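S.K.: Here's a sequence, model it:
(2 chains)
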2 protein chains.
Amino acid sequence: MFDFNSDGTSLGAYSYEPHREHRCRHPILRTFKYTSRKDMDLTGTSLIGFSAGSNISTPFHSLNPATGVELPEEFYPASSDDIDRAAKLAKNAFRTYSKTSGADRARFLRTIAKEIESARAEIVIRMPLETALPEGRANGELGRTIGQLNMFADLVEAGNWVDARLDSALPDRAPAPKPDIRSMQVPVGPVAVFGASNFPLAFSVAGGDTASALAAGCPVVCVAHYAHPGVSEIVGKAVIRAAKACNMPDGVFSLLQGTGQEVGVPLVSHPAIKAVGFTGSRFGGLALAKVAAARKEPIPVFAEMSSINPVVVLPGALAARGSAIAGGLAGSVTMGVGQFCTNPGLVLLPEGAEADTFMASFAGQMDETKGGTALHAGIASAYKASTASKRAHSSISTLVGTDSESPAGVAPYIFRTTATSLLIDESLTSETFGPSTMLVTYASNNELIEVIEGLEGQLTGTIQYDPSDLPISPDLISALQARVGRILLNGFPTGVEVCHSMVHGGPFPATSDGRSTSVGTGAIYRFTRSLCFQDMVAGGLPAELKDGNPLGIWRTVNGQLTKNN
Amino acid sequence: MFDFNSDGTSLGAYSYEPHREHRCRHPILRTFKYTSRKDMDLTGTSLIGFSAGSNISTPFHSLNPATGVELPEEFYPASSDDIDRAAKLAKNAFRTYSKTSGADRARFLRTIAKEIESARAEIVIRMPLETALPEGRANGELGRTIGQLNMFADLVEAGNWVDARLDSALPDRAPAPKPDIRSMQVPVGPVAVFGASNFPLAFSVAGGDTASALAAGCPVVCVAHYAHPGVSEIVGKAVIRAAKACNMPDGVFSLLQGTGQEVGVPLVSHPAIKAVGFTGSRFGGLALAKVAAARKEPIPVFAEMSSINPVVVLPGALAARGSAIAGGLAGSVTMGVGQFCTNPGLVLLPEGAEADTFMASFAGQMDETKGGTALHAGIASAYKASTASKRAHSSISTLVGTDSESPAGVAPYIFRTTATSLLIDESLTSETFGPSTMLVTYASNNELIEVIEGLEGQLTGTIQYDPSDLPISPDLISALQARVGRILLNGFPTGVEVCHSMVHGGPFPATSDGRSTSVGTGAIYRFTRSLCFQDMVAGGLPAELKDGNPLGIWRTVNGQLTKNN
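M.R.: Next up is the predicted model:
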């Protein structure tokens, strides 16, 4: 039986070294008694740079999704003036923050990590109350968040990421002299970051978007997710403490309370904001993209939105270890109550007796799971509507499915259909966010590839293979490559390793900009652009581009990578 | 006196080595007598992969802008079926072309360069007829085009550009094993390229967009600019000959005749197209961006659109060499009949007697120029409307300005105003495409910076300084950095060096995606995205990511750049 509430150990690969501390239990945790805002020192206001936001708007409360009861603290949506102040402070901070050295930014990022670690006890109590995620998950995700901050600190301290390029002058070239040209990546300007409901730490206030934007040299104005304003405030204050400790400019970071509609839309419309990072629903991501495109100066939006993460089971793999695949799949589908962007929502099996056996075994395991509590009631009600619609579809059989009775409760749904049906009605591949998956039988390799080619863009695509399936069809790899950002072999897509080579992105609608990743060091390039200098004197050049390579970084000099010159 | 028709020598830095041949005169040029389509073998149809397009639509003719007379050849706008066939062929070609090696793509690009060189005689006769650009310019731009193709050939042959990243597995890591992850840049899919009116070779059929897309592994469907369909067909056929000679798949390249509205819009809407490269007007670029965003699967549009390229003259420079700056500026403003994206349309001068002397000298030089012929009558009429509007503005004085009497004729316009007026009415900085510039006096460094910060995004920003102006104000550099893609010192913005470090892009509306460049090797990344493999077996990995580094390229292995492993 799967316990939805024990996924702290199975968050997957959330570590960038060092990560060992994230499963420690702090002594304070055992003695800290949570009662009211007074204990937690939650003010409920936004953090406008180093000042408090207003407390004049109608306050809201976060809800404990497990009990349906409001938590006592009041939170005040940011006022128009708060939003404007935060954006203008960020613009002002950009003047100096964009010029800080990699070493200074690294120190800032590491200090944020330390300040968050120092707030571990508070976070680990507050996060479960606001999200129904277990304490183990809070500890694990906190470790990942700290790891991400340290990873970007290492990246900017090393400094090679700026892609410095130098081409020497040739004053005597005919018919025209060749000028001296030098280029590098520079920060785009203040970034609006939206906290995600499903990762209250790793994709929220000091998560990957904020870490990569700050690493790039961009101030951040973050919109806290309204479902976990308390944990957002705790983390936001940790960032502010770090900014002060590192003498960073006022406005390098602000945190706005409120909803995406109330606060996010005016923030993205603000002329001082130059890019947007978002993880959430397709509806929300597209709405922000529309606002950003309608500005006088349109800006890029990096929205990670929607993915059903197909898993292809090849015949040999099914025969050799169908039962193990079924077990792994059940774990992946239910991990985090099915609320991961990389949840495997589509499983493609070669039709026949072995597929039937697999489905029976998988359905049996899923039927025994007891369900869990969604992050908020909105997710649960969308899940219920989506599963009801699939249940009613004439081409779909429901193998497992019982509705939870509690408002925020969700229980697993397993559906079955055929590739032929899928090719007729693409609505069968619509995302159902939660602990659900669709098992699909395919009749031939050609049909399998046709299904993959017909899918929308995805974050991941997985192949389950056995040596007897080798060589893997190049057409299968090609078809997946055209549709996804990450191709896995014999694994499961949940669990996103945080490292240099990770790609957590994919063609639309997996992300609004399919060329980007929101995880790994490559995420920094969402918030930079190329700038070049022509015949600039030394005094006008940044250190990265000066003669003699004072920072000792890798640079492309006349087309050759070198640390010399 | 400036002669608008002698800019072949002053196209600026158009060379990527080798470039020496581009000013040779071929003997055939002197004997080749242009009379009719028969001589040129222009069929007037689109090139749909290796087949001819239809000739059923109402044909159009190109116009000789210098005489206003239609050229005799008929050209047939691509039919809906032509467009659909080209896009589908490109999709099909992508399956194999995306897997070609860097060496194969390099051979293809170099063969295109050779085939274009072999058509030099035809091109150098046809281009002036369709564009009113002189033969010297045709020869120079052809050299640049060949240089660009060879530059991308070198890039993909070396192979380092793919940004290969490998992170090793740690199977024993706790709490979860670390998988093996490997990532690289892969092509996005078929690219729609729009030929530019102002660079009939270097930004058209086999120009920078096509070269970078083909280098990336993307098939290209190009829309010929309707003003120079003949030179487009000649170049398109050279590309097709090269594709056949190199055994590239049918559909790796197609050329569509017709207008952006008739042919470009349906092409960009076609589901097989995955990205767009465009150089042209703001109106055209924004229209295509809108079409691309409204698709079921939105795609990126890299449109280079609008820039007035501010030139800041510092007081010391004005005093020390005002006359030389005036001369250089006159050359830059009138180069190519003012029809370069990097034309300096805004000159900021410190107010005072020296500025007045400068303006008198500059106006005197410009007044002596005899004007020239625009690329087509549409440009001339837009120029006349824009200059008339500025002339009528109460805050602007007209120092030089006489309208040309011929329909496609344009004569220089020099306007004068103050920074104070500019800050009140931003319409004073609107682009006037042609041989015109606005001279603006500023009262203080603060006012200068305020003007720059208020500008829209620009391709370039130039500082004219003298050692007596040093150190250059860091605020000035910062202000320019936030608004432009290239900062020049003591040069003029026309003439874009083609090299690794060039950035020809800038914040909106200079480009629709301010993070991109359309010139230099960095242009390839417009048409690629990141893809990673997790725990993939050797047989499923591309050569760039295999163990042992069989291609010998630079790779980031566990965070360290190396050619080993």
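
S.K.: Specify the local secondary structure of the residue nearest to A:G522 when sequence neighbours are not counted.
M.R.: Computed as CB to CB, 6 or more residues apart in numbering or on different chains, the closest residue to A:G522 that is not its neighbour in sequence is B:S530, at 5.9 Å. C-betas here are computed from N, CA, C, even on glycine. Under DSSP: H, G, I helix; E, B strand; the rest coil, the three-state class of B:S530 is strand.

S.K.: contacting residues around B:S530?
M.R.: A:G485, A:V503, A:G505, A:R515, A:S516, A:T517, A:G522, B:D163, B:S183, B:M184, B:Q185, B:V186 (CB atoms under 8 Å, 6 or more residues apart in numbering or on different chains).

S.K.: in terms of contact, does the fifth one touch A:T528 like I think?
M.R.: Spelled out, that is A:S516. No - counting by CB atoms under 8 Å, A:S516 does not reach A:T528; the two are 11.5 Å apart.

S.K.: Name all residues that make contact with A:L480.
M.R.: Taking CB under 8 Å, 6+ apart, we find A:L480 in contact with A:P310, A:V312, A:I452, A:G461, A:I463, A:I487.

S.K.: Now intersect those residues with the strands, please.
M.R.: A:P310, A:V312, A:G461, A:I463, A:I487 (DSSP state E).

S.K.: Which residue ranges of the stretch 451-565 of chain A form strands?
M.R.: A:458-464, A:484-489, A:528-534, A:555-557, A:560-562 (DSSP state E, counting those that start in this stretch).

S.K.: Any chance you could list what contacts the second one?
M.R.: This means strand A:484-489. Contacts for strand A:484-489 (CB under 8 Å, 6+ apart): A:457-463, A:465, A:477, A:480-481, A:493, A:502-507, A:510-511, A:514, A:517, B:179, B:529-537, B:540.

S.K.: Next, the buried residues of the helix or strand hosting A:T96.
M.R.: A:T96 is part of helix A:80-97, with elements assigned from DSSP states H and E. Residues of helix A:80-97 classed as buried by neighbour count (16 or more other CB atoms under 10 Å in any protein chain shown): A:82-95, A:97.

S.K.: now swap in stretch A:492-501 and tell me
M.R.: Those would be A:F492, A:P493, A:T494, A:G495, A:V496, A:E497, A:V498, A:C499, A:H500, A:S501, for stretch A:492-501 by 16+ other CB under 10 Å.

S.K.: Could you list the residues of the stretch 201-350 of chain A in contact with chain B?
M.R.: By CB under 8 Å from any CB of the partner chain, the part of the stretch 201-350 of chain A that sits against chain B consists of A:A293, A:E297, A:P298, A:I299, A:P300.

S.K.: Just the buried residues out of the residues you listed, in PyMOL syntax.
M.R.: Buried residues among those (16+ other CB under 10 Å), as a PyMOL selection:
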select buried, chain A and resi 298+299+300
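
S.K.: circling back to that earlier point, possible to save the ones in strands among the contacts of A:L480 as JSON lines with pLDDT and neighbour count?
M.R.: Converted to JSON lines, the ones in strands among the contacts of A:L480 look like this (pLDDT from 0 to 100; neighbours: other CB atoms under 10 Å in any protein chain shown):
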{"residue": "A:P310", "pLDDT": "98", "neighbour count": "26"}
{"residue": "A:V312", "pLDDT": "98", "neighbour count": "26"}
{"residue": "A:G461", "pLDDT": "98", "neighbour count": "28"}
{"residue": "A:I463", "pLDDT": "98", "neighbour count": "25"}
{"residue": "A:I487", "pLDDT": "98", "neighbour count": "23"}
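
S.K.: Could you save these as CSV and add columns showing distance to B:V265?
M.R.: CSV is the format used below for the ones in strands among the contacts of A:L480 (distance: CB to CB, whole Å):
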residue, distance to B:V265
A:P310, 33
A:V312, 37
A:G461, 32
A:I463, 38
A:I487, 34
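
S.K.: picking that back up, just the ones of the residues of the stretch 201-350 of chain A next to chain B in helices?
M.R.: Within these, residues falling in helices by DSSP state H are A:A293.

S.K.: Just give me the residue closest to the centre of chain A.
M.R.: Geometric centre of chain A, nearest residue: A:F203, 4.8 Å, by CA atoms, centre = their mean.

S.K.: May I have the residues that are in contact with that one?
M.R.: A:F203 touches A:G195, A:A196, A:D209, A:T279, A:S518, counting by CB under 8 Å, 6+ apart.

S.K.: now, which of those lie within strands?
M.R.: Members of the contacts of A:F203 lying in strands (criterion: DSSP E): A:T279.

S.K.: if you skip the residues just before and after it, what's nearest to A:A380?
M.R.: Closest to A:A380 by CB to CB, 6+ apart is A:A374, at 4.1 Å.

S.K.: With A:L256 instead?
M.R.: A:L256's closest residue in space is A:A78 (CB to CB, 6+ apart), at 4.0 Å.

S.K.: ok, the one you found touching A:G260?
M.R.: No - using CB under 8 Å, A:A78 makes no contact with A:G260, being 11.9 Å away.

S.K.: how close does A:P266 sit to chain B?
M.R.: From A:P266 across to chain B, the span is 20 Å (CB to the nearest CB, to the nearest Å).

S.K.: That residue sits in which helix or strand?
M.R.: helix A:265-269.

S.K.: got a list of contacts for that helix?
M.R.: With CB under 8 Å, 6+ apart as the test, helix A:265-269 has contacts from A:80, A:83, A:86-87, A:192, A:221, A:223, A:256, A:273, A:276, A:287-288, A:291-292, A:295, A:299, A:301.

S.K.: what's near enough to touch A:L201?
M.R.: With CB under 8 Å, 6+ apart, A:L201 has these contacts: A:I123, A:M127, A:A138, A:E141, A:L142, A:R144, A:T145, A:G207, A:V231, A:V235.

S.K.: Likewise for A:P77?
M.R.: A:S57, A:T58, A:F60, A:Q257, A:G258, A:T259, A:E262, A:V263.

S.K.: can you pull out the helices in the stretch 401-550 of chain A?
M.R.: A:419-424, A:445-454, A:474-481 (DSSP state H, counting those that start in this stretch).

S.K.: what about A:P171, neighbour count?
M.R.: 8 (other CB atoms under 10 Å in any protein chain shown).

S.K.: which residues sit in contact with it?
M.R.: A:P171 neighbours (CB under 8 Å, 6+ apart): A:P177, A:K178.

S.K.: cool, and A:A408?
M.R.: A:P65, A:A66, A:G68, A:A132, A:T373, A:A374, A:H376, A:A377, A:I379, A:A380.

S.K.: let's go with 6 Å and repeat that
M.R.: A:A408 sits next to A:P65, A:T373, A:A374, A:A377, A:A380 when contact means CB atoms under 6 Å, 6 or more residues apart in numbering or on different chains.

S.K.: what separates the nearest residue to the second one once chain neighbours are set aside from A:V265, distance-wise?
M.R.: Excluding the flanking residues, the one nearest A:T373 by CB to CB, 6+ apart is A:A132, at 3.8 Å. A:A132 sits at a distance of 28 Å from A:V265 (criterion: CB to CB, to the nearest Å).

S.K.: quick one, which of the two is more surrounded?
M.R.: A:A132 (22 against 17).

S.K.: Check which helix or strand A:S254 maps to.
M.R.: strand A:253-256.

S.K.: Also A:C222?
M.R.: strand A:220-223.

S.K.: quick one: common contacting residues for A:S516 and A:T528?
M.R.: Common neighbours of A:S516 and A:T528, using CB under 6 Å, 6+ apart, do not exist here.

S.K.: Which residues does the strand holding A:S254 contact?
M.R.: For strand A:253-256, using CB under 6 Å, 6+ apart, the contacting residues are A:46-49, A:78, A:86, A:220-224, A:236, A:239, A:243, A:263.
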